[in-house]
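Student: Compute the structure for the input listed below.
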Amino acid sequence: MVTLASSNRRRKRIPSNDGNGVHRIPSSPPSPSTTTTSMSFAVLMNVLMMATGAPHRATHANIIVAINALDSKQLRFFGDSSSKSSGESSSSTSESESLLSSSSSSSSSTRLVAQNESSGLGVLPIDPSSYQPKRGFGPFLNLTTDERNLFRLLREARENTELTTTLRVAGGWVRDKLLATPEFSQPSSHQQHVTGRLTSKFKAPSLGRQGTKILSGNVAAPVDIDIALDDMLGREFADRLNEYLSQKGEETISVGVVLKNPEKSKHLETATMKVGSFWIDFVNLRAEQYAQDSRIPDLVRIGTPAEDAFRRDLTINALFYNINNGLVEDWTGRGFDDLRRGIVATPLAPLTTLLDDPLRTLRSIRFAARLRFTMDDALLDAAMNIRVRQALADKVSRERVGGEIDLMLRSPDPVGAMRLLINLELVDTVFPTSQLFPAHPQGETPSSSSFGAGLELLSTAHDHLWECQVKPPVWCDARKTYTTHGVDERTLMQDEEARRLLWYASFLKPLYDEAKRVPQVPKGARQGKKANRSILSKLLVDELKRPARDAEAIEKILKAADDFTVLIDSGCDLSAMSILLSDIRIMDDQENGEQQYPKQVCMMNGREVFSATEDDPMWQHAMEFRLLCSKVMNRIGPLWRAALLLSLSEQLVHVFDDLDYTIEGDTLDESRAERRQGVIDQYDAFAVAMQRLGLVGIWGEKPLLDGGKVKKVLPKIPKGPAFRDVMEEQMHWMTSHPGADATLLVDHLGRKAAVG
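Tutor: Numbering: from 1, shown residues only. Next up, the predicted model:
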């Protein structure tokens with residue numbers, strides 16, 4: 001694949017670093033303190049299955065059963081230093097002593113290395129009931145005051161009710177807390193040498209662990225915490241906690257219980273209660289086994305910490321924070337290293353893990369995008385396996401697929417997520433468009449070209465918005481220097497929801513354009529509203545199960561983007577420049593600023609203008625511009641910034657496409673840079689002109705005459721289309737005559753009625 005050397009040159013094809021089009025990283029180097037025994041995975045599994053008579057399918061549960069049943073003397077092991085068992089923490093030990101002393105304590109434990117390059121099988125516990133994890137980093141977690149108080153309360157409840165339960169925080173809370181520590185927040189030496197990035201055409205990295213351009217701020221502190229119990233049900237511990245609160249004379253907390261319901265994928269009950277500012281789910285450590293044709297485990301039981309860790313989707317999500325002793329536990333033996341190196345990997349063989357639950361394929365992509373991590377080589381190979389794609393289509397509900405896609409587009413790196421979907425050949429499975437389109441004339445599906453173009457457009461939009469964050473143009477400034485008609489207007493950097501919809505619209509815009517060229521099927525006599533929906537709406541609502549309001553908003557952005565492009569191409573950018581040079585402004589009257597809808601004041605070249613009588617040609621031209629743009633702004637509403645940025649991004653993509661001819665390197669770069677800046681200047685002037693003409697929020701402007709007053713002014717006007725035309729004429733007049741009062745409007749409507 002050819003890659004241009006200059007950092008600001010557009011790659012004509014999806015960038016990649018290997019034959020599969022996926023960015024690869026070197027395998028994790030072996031720790032100098034450990035030695036491993038090389039053993040073929042196939043040979044190992046044969047030994048395990050023959051020795052135990054276990055089934056030959058390498059599911060999580062079968063592997064664990066086989067290892068448990070095997071005499072440890074038949075295999076070679078290596079030692080690993082770890083701390084004492086979590087249950088041995090003395091209740092009389094102070095919190096500070098436990099945190100500081102246990103981080104350096106160690107004891108021996110045994111692990112079996114069963115690693116194979118093709119399967120990617122990681123380190124498995126010999127006996128999950130006795131296996132000891134890597135421990136540490138607890139003293140370095142930056143716990144908030146509320147979190148410290150919560151954990152202290154839980155420890156006190158455990159001790160005062162004489163329980164032996166080990167309380168462990170599980171899941172993303174632990175991962176995110178570790179990522180906030182200096183040990184894990186800084187890129188490793190491996191990451192510092194990674195020059196590729198998932199989200200941009202540029203060669204050099206900019207920000208983030210993988211060079212990702214970050215648009216969103218820091219993730220808010222979590223308020224939901226999962227606490228795993230090893231020897232009792234969550235409801236039982238919740239009752240003990242209330243018992244302790246009652247003894248202290250404090251108010252007890254109501255407990256919600258989600259009962260066991262295998263038909264709804266709920267195999268163990270969960271107790272939920274709100275403690276302070278946190279919603280706590282008390283769950284059990286669990287072990288599970290999967291059926292061949294379902295991603296829902298058909299056998300779930302209370303398990304050990306090791307079993308619970310190894311059945312999880314990713315090593316970085318398999319870490320526990322032991323509340324009893326204040327340490328973080330890594331039962332897979334890889335979680336700390338993968339988190340430090342920025343790698344997304346599975347605890348067990350990736351292919352087995354993904355076939356058991358194909359949704360984990362999308363989850364791994366989402367976490368790579370959210371954390372800006374790199375997917376492990378073995379996981380990449382497994383994700384590209386045709387059996388995984390088929391299992392994703394057959395075993396996973398469309399609601400879950402759509403939910404994962406939505407989370408990817410909410411992540412800090414939506415471009416990287418969509419690129420992985422394409423490079424891993426999953427995009428056609430996730431976005432099934434073949435049944436929505438008639439047969440393509442060349443035999444290829446629209447998605448084969450549309451999604452590649454969509455990725456290009458998404459990357460361009462994402463990169464330009466990042467540039468606006470670094471150096472905001474006037475129209476992206478958060479300061480309100482213009483009237484908004486009482487509407488609370490926010491920039492794209494302030495509006496996460498608008499950005500999410502923009503990423504959808506950018507990625508699907510080429511597909512939307514392709515759908516417009518498809519001949520429409522003649523409407524049948526009995527076809528309802530659903531039959532008349534667009535192809536894009538069917539894809540989002542029927543296939544991805546997104547809310548209809550999302551599909552409507554995305555289509556609004558797409559249509560408005562096309563409308564803005566038409567306005568720019570028809571010369572409105574030149575009109576905008578003339579408006580700025582004439583210093584034409586429509587502002588709120590500061591003297592009446594306390595009113596809900598203050599009167600508007602019109603200015604041109606530093607003098608006040610009465611819009612109803614002003615006959616200056618430049619002013620008249622500005623009002624024509626205002627009327628044209630108001631029609632688009634009224635349709636798109638508060639999503640106008642997303643639509644305008646999408647229109648701009650399309651033009652930036654065309655800059656590179658239009659200059660696809662041979663020019664010497666420096667001349668080509670200069671020509672592209674000039675063309676690109678020229679397009680940006682066009683749109684900046686257009687947007688600022690709309691702001692200065694008071695078009696932001698115009699969709700919320702109230703008519704001077706409501707329906708009742710119109711009927712009094714024009715008593716003979718009939719209901720229906722004629723009345724609607726009068727109301728539209730009123731809004732057009734108000735747009736062209738900002739600040740004019742109702743008396744002049746009544747005269748105008750009377751004259752129109754007399755003529756027509």
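
Student: so what's Lys559 up against?
Tutor: Going by Cβ atoms under 8 Å, 6 or more residues apart in numbering, Lys559 touches Arg635, Ile636. Quick note: C-beta positions are derived from backbone N, CA and C, even for glycine.

Student: Run through who's touching the helix or strand where Trp619 lies.
Tutor: Taking DSSP states H and E as the criterion, Trp619 maps to helix 617-636. Contacts of helix 617-636 with the rest of the structure, by Cβ under 8 Å, 6+ apart, involve 556-557, 559-560, 563-564, 567, 572, 575-576, 578-579, 582, 584, 604, 609, 611, 614, 640, 643, 689-690, 693-696, 698-699, 732, 735-738.

Student: Sort out for me which of the residues you listed are in helices.
Tutor: The helices, defined by DSSP state H, take in 556-557, 559-560, 563-564, 567, 575-576, 578-579, 640, 643, 689-690, 732, 735-736 from the contacts of helix 617-636.

Student: Give me the buried positions along stretch 400-418.
Tutor: Burial within stretch 400-418, assessed by neighbour count using 16 or more other Cβ atoms under 10 Å, is assigned to 400-418.

Student: send the alpha carbons of it over as PDB?
Tutor: The C-alpha trace of stretch 400-418 is given here as PDB (Å, rounded to 0.1, in the frame of the first residue of the first chain):
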ATOM      1  CA  ARG A 400     -26.800  -5.300  21.500                       C
ATOM      2  CA  VAL A 401     -25.000  -4.600  18.200                       C
ATOM      3  CA  GLY A 402     -26.600  -1.200  17.900                       C
ATOM      4  CA  GLY A 403     -25.800  -0.400  21.500                       C
ATOM      5  CA  GLU A 404     -22.100  -1.100  21.000                       C
ATOM      6  CA  ILE A 405     -22.000   1.000  17.800                       C
ATOM      7  CA  ASP A 406     -23.600   3.900  19.700                       C
ATOM      8  CA  LEU A 407     -21.000   3.600  22.500                       C
ATOM      9  CA  MET A 408     -18.200   3.500  19.900                       C
ATOM     10  CA  LEU A 409     -19.400   6.800  18.400                       C
ATOM     11  CA  ARG A 410     -19.600   8.300  21.900                       C
ATOM     12  CA  SER A 411     -16.000   7.300  22.600                       C
ATOM     13  CA  PRO A 412     -13.000   9.700  22.300                       C
ATOM     14  CA  ASP A 413     -12.000   7.900  19.100                       C
ATOM     15  CA  PRO A 414     -15.000   7.200  16.900                       C
ATOM     16  CA  VAL A 415     -12.800   7.200  13.800                       C
ATOM     17  CA  GLY A 416     -10.500   4.500  15.200                       C
ATOM     18  CA  ALA A 417     -13.600   2.400  16.100                       C
ATOM     19  CA  MET A 418     -15.100   2.600  12.600                       C
END
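
Student: Leu348 belongs to a strand, doesn't it?
Tutor: No. Under DSSP: H, G, I helix; E, B strand; the rest coil, Leu348 falls outside any strand and is assigned coil.

Student: burial measure for it, as a count.
Tutor: Neighbourhood size, Leu348 [other Cβ atoms under 10 Å]: 25.

Student: Spit out the contact partners of Gly700.
Tutor: The contact partners of Gly700, taken as Cβ under 8 Å, 6+ apart, are His485, Gly486, Val487.

Student: mind redoing it with 10 Å?
Tutor: Counting by Cβ atoms under 10 Å, 6 or more residues apart in numbering, Gly700 touches Thr484, His485, Gly486, Val487, Asp488, Glu489, Tyr597, Asn634, Gly637, Pro638.

Student: Between these, which sits nearest Thr181?
Tutor: Asp488 (37.6 Å; Cβ to Cβ).
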